[in-house]
Structures are given as C-alpha cells and as structure tokens.
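A.B. asks: Could you work out the structure for the sequence below:
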Amino acid sequence: MSLIVFPAIDLKNGQVVRLAEGDMDRATVYGDDPAAQALLFAEAGAQHLHVVDLDGSFAGHAVNAQAVEAIVAAFPGHVQLGGGIRNRESVERWFDLGVSRIVIGTAALKDPAFVKAAARDFPGGIVVAVDARDGFVATDGWAEKSDMPVIDLARRFEDAGVASLLFTDVGRDGMLKGCNVDATVDLARATDIPVIASGGVAGIADIRILSLHADDGIEGVITGRALYDGRLDLKTALAVAQAAA
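C.D. replies: Numbers count the residues shown, from 1 in each chain. Okay, here's the model as predicted:
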C-alpha cells in the first residue's frame, strides 16, 4: 500500500485557515471558498481530503456544516472529517451526507464506549484522533491536556475495529518544523492499528521519510500549511508517496 497524502482544509468562520499549534488566535486565512479549494486539490490528483471544523472542535458540535457539505459535494474522492463530532447522531448525519470517514478525538478519551459502538456499526469508517502534547492526550480543540499517555489511548481501541489512528504532535502543527516521525513510527509499531501522521509537515522530505515507514503501519500523512505556503507541491507529494509503494 502506498502512503495516502491527505491535503487538509481547516475551517474557521467558513474560511480556509491554518492554526499555529492549534491556537485559534493564531490563524492564517488562506481562502473564503472551501469547496473551490477542495476542487484544486482534486485537480492536483488528490483522492483523499482531511477536513476539520475548528469551531466545532471547541463548541462540541458542528459549526461549519454548510462549508463541509459544500466540500463533500464538490470533492470527487474521499472526505475524512473531524471537529466536534461527539455523539451518534452527528456520526450518522455525516455518513448520510457522504463523508467517508469520521475522526473522533475528545470523545475517544471521554466516551470510549460511544466510539467503539460507532466503529462496530460503521466498519472502516471511524478514525481515532490521538492528539499529543508532551506525550499526553490533548482534548477539546487541543485546549486541554489530559493525564493519559498517548499509547494508552491508542491501545484502548486495538480490538474495537477503528480504521486508523490519527496522530498529531500539537506542538508542531502549523509550525513547519517537520513531522515528528520518530513518535509517529513508535506509535505505529506499538499498536496494530494503522497510523496517519499529522503536524509539522514542512516539505517533500517528510513525505519521503514517512513513505519509507509504510510497512511499519504508517497509512498516510496530513499536510496543510506547507501546501498553502508553496513549500510542498501536492502533485510531487502524491508521486513520491506512490513511488514508494
């Protein structure tokens, strides 16, 4: 399997933005038309898209629903959605609207039974977000840090049927510092669930390195600011990921 490259569209007030270290007060706006951005990624060859309702992450419910629906309608591939999805009704609604996979973070820590039930009822559809701040799980839009080690949360879902773990080093997200490859690979090797890398992708070198670890259980990588800032060309990233298969 080749590494899946997920271009990211993060939504705040209906706009395409990127945050620095998950801080809503440090947002850079990259566009006012999320659906158009999704189409640009599709035209570059992307078959997967990672979308986050940032306002929803803090509110605990969908805030940018209209923008997400427009993205799903416009993008011809698979849309993976996260941000404030914390109950069964929300999960069912987004699947009904055409989302391919749902990312659940805060509820994975606070309501694991809900996540396990969703993973059981929607095979291959649930991704658990393992957001790390100093090795511990961050929740509620990364505003809170729990006392649970990342690996403990990951292992909680090993037999639950979740599709993947989405591992983000919060301290690197949006900072272009380079992906935390060591921590991502360590997590992949420590669990039997495929891992998606996120946070800090700075350029094509990150894609190459992660591609080399596909056999360790690295399923994909999410990249945002590097694409928007022109430091990473999406076509090149997709080609590198494919060539390493």
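A.B. asks: Could I get the phi/psi values of residue 60?
C.D. replies: phi 80, psi 10 (degrees, to the nearest 10).
A.B. asks: Give the closest residue to it in space, chain neighbours not counted.
C.D. replies: Spatial nearest neighbour of residue 60, excluding adjacent residues (CB to CB, 6 or more residues apart in numbering): residue 84 at 5.3 Å. In this view, the C-beta of every residue, glycine as well, is placed from N, C-alpha and C.
A.B. asks: so which helix or strand takes in the one you found?
C.D. replies: Counting by DSSP states H and E, residue 84 is held by no secondary-structure element, helix or strand.
A.B. asks: For it, report the pLDDT, please.
C.D. replies: We have a pLDDT of 90 for residue 84.
A.B. asks: For it, grab the count of nearby residues.
C.D. replies: The local packing of residue 84 (other CB atoms under 10 Å) involves 25 other residues.
A.B. asks: what does residue 93 give?
C.D. replies: 14.
A.B. asks: Equivalent analysis for residue 235, please.
C.D. replies: Counted with other CB under 10 Å, the neighbours of residue 235 add up to 11.
A.B. asks: Need the phi and psi values for residue 240.
C.D. replies: Torsion angles, degrees, to the nearest 10, at residue 240: phi -60, psi -40.
A.B. asks: Touching, it and residue 205? I think so.
C.D. replies: No - here residue 240 does not reach residue 205: they are 9.7 Å apart, not a contact under CB atoms under 8 Å.
A.B. asks: Between the two, which is the more surrounded one?
C.D. replies: residue 240 (19 against 14).
A.B. asks: in the protein, what spans have low per-residue confidence?
C.D. replies: 139-144, 171-175 (pLDDT under 70).
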